[in-house]
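**Q** Here's my sequence, what's the structure:
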Amino acid sequence: MNGAEKILKGKLLLDGGELNGSFFHHTVILICEHNAEGAFGLVLNRSSGSKVGELVIADLPDPLKNSPLFLGGPVQPTALSFLHSDNFIPDANVFPNLNLGHSLDELVEVGESFSASKKVKMFAGYAGWSPGQLEVEMKRKSWLTFPASLELVFETPPDQLWQKILRSKGGWKNKLLSQMPDDLSLN
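**A** Purely as a prediction, here's the structure:
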């Protein structure tokens, strides 16, 4: 990746209407890492339908066990990743006050720490791109970009996230895309 190419770390990617029939249809992905070695992201709006405690065998605090588990992507579906936020995380590695973790020990530590403002979202699997792959997909206009925020990551209901961001982007094409049914024969 040369210096002129856009780094997408800390941005949201969303299906631009070109991904019908794939795992990524109507998804919103937070890009957590993007560099010359490729890209790593987590799908924010695909629930597994299970609670973390039903699928993760570990001694986690009850609030974490009862949290929904999201499908972060199709790569390594048994790999656990989590995003956590608080009022002040000085060494946040995604964007200000948002940190990505993969260690079960770190997750337990985050879960046991008291903070009324702490938020945690857990994922099985991830979305990954080899070097240059995401750039090719961006040139093909497979993805739209949008600025990430803690509100979009943690507060927006996942089943409304894709449509909300499209409407926020503005324009008649995005508004139309946000209202289009999954099955066009229903239109």
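**Q** mind listing the helices for this protein?
**A** Along the chain, counting by DSSP state H, helices occupy 52-55, 62-65, 104-112, 133-139, 150, 158-169, 172-179.
**Q** could I get those helices as JSON lines with mean pLDDT?
**A** Converted to JSON lines, those look like this (pLDDT from 0 to 100):
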{"stretch": "helix 52-55", "mean pLDDT": "90"}
{"stretch": "helix 62-65", "mean pLDDT": "89"}
{"stretch": "helix 104-112", "mean pLDDT": "88"}
{"stretch": "helix 133-139", "mean pLDDT": "93"}
{"stretch": "helix 150", "mean pLDDT": "96"}
{"stretch": "helix 158-169", "mean pLDDT": "93"}
{"stretch": "helix 172-179", "mean pLDDT": "79"}
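**Q** Among those, which comes closest to residue 7?
**A** helix 133-139 (10.5 Å; Cβ to Cβ). To be clear about C-beta, it is placed using only N, CA and C from the backbone, and glycine gets the same treatment.
**Q** The closest one: how far from the chain's middle?
**A** 18 Å (Cα atoms, centre = their mean, to the nearest Å).
**Q** Pull out the buried positions in that helix.
**A** Neighbour-count burial for helix 133-139, counted by 16 or more other Cβ atoms under 10 Å, picks out 134, 135, 137, 138.
**Q** ok, now which ones touch residue 27?
**A** Listed by Cβ atoms under 8 Å, 6 or more residues apart in numbering, the contact set of residue 27 reads 14, 15, 19, 43, 44, 45, 46, 162.
**Q** any idea how far the fourth one lies from residue 81?
**A** In this case it means residue 43. 11 Å (Cβ to Cβ, to the nearest Å).
**Q** Show me whatever sits in contact with both of those two.
**A** With Cβ under 8 Å, 6+ apart, residue 43 and residue 81 have common neighbours 72, 123.
**Q** Make CSV from the buried residues of helix 133-139 and add distance to residue 167 to it.
**A** Shown next, in CSV, are the buried residues of helix 133-139 (distance: Cβ to Cβ, whole Å):
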residue, distance to residue 167
134, 25
135, 27
137, 23
138, 22
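**Q** So of those residues, which two are at opposite extremes in space?
**A** 135 and 137 (7.3 Å).
**Q** Okay, now the unreliable bits of the protein?
**A** Applying pLDDT under 70 to the chain picks out residues 1-5, 181-187.
**Q** what about 90?
**A** 1-7, 16-22, 55-63, 86-90, 104-105, 108-118, 141, 169-187 (pLDDT under 90).
**Q** And the strands in it?
**A** Secondary structure of the chain, counting by DSSP state E: strands at 11-15, 28-35, 38-43, 47-51, 68-71, 75-85, 98-101, 119-129, 143-147.
**Q** Using PDB, list the CA coordinates for the fourth one.
**A** These are the backbone C-alpha positions of strand 47-51, laid out as PDB (Å, rounded to 0.1, in the frame of the first residue of the first chain):
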ATOM      1  CA  SER A  47     -26.000 -11.400  15.800                       C
ATOM      2  CA  SER A  48     -25.200 -15.100  16.400                       C
ATOM      3  CA  GLY A  49     -28.500 -15.400  18.300                       C
ATOM      4  CA  SER A  50     -26.600 -16.700  21.300                       C
ATOM      5  CA  LYS A  51     -25.300 -15.200  24.600                       C
END
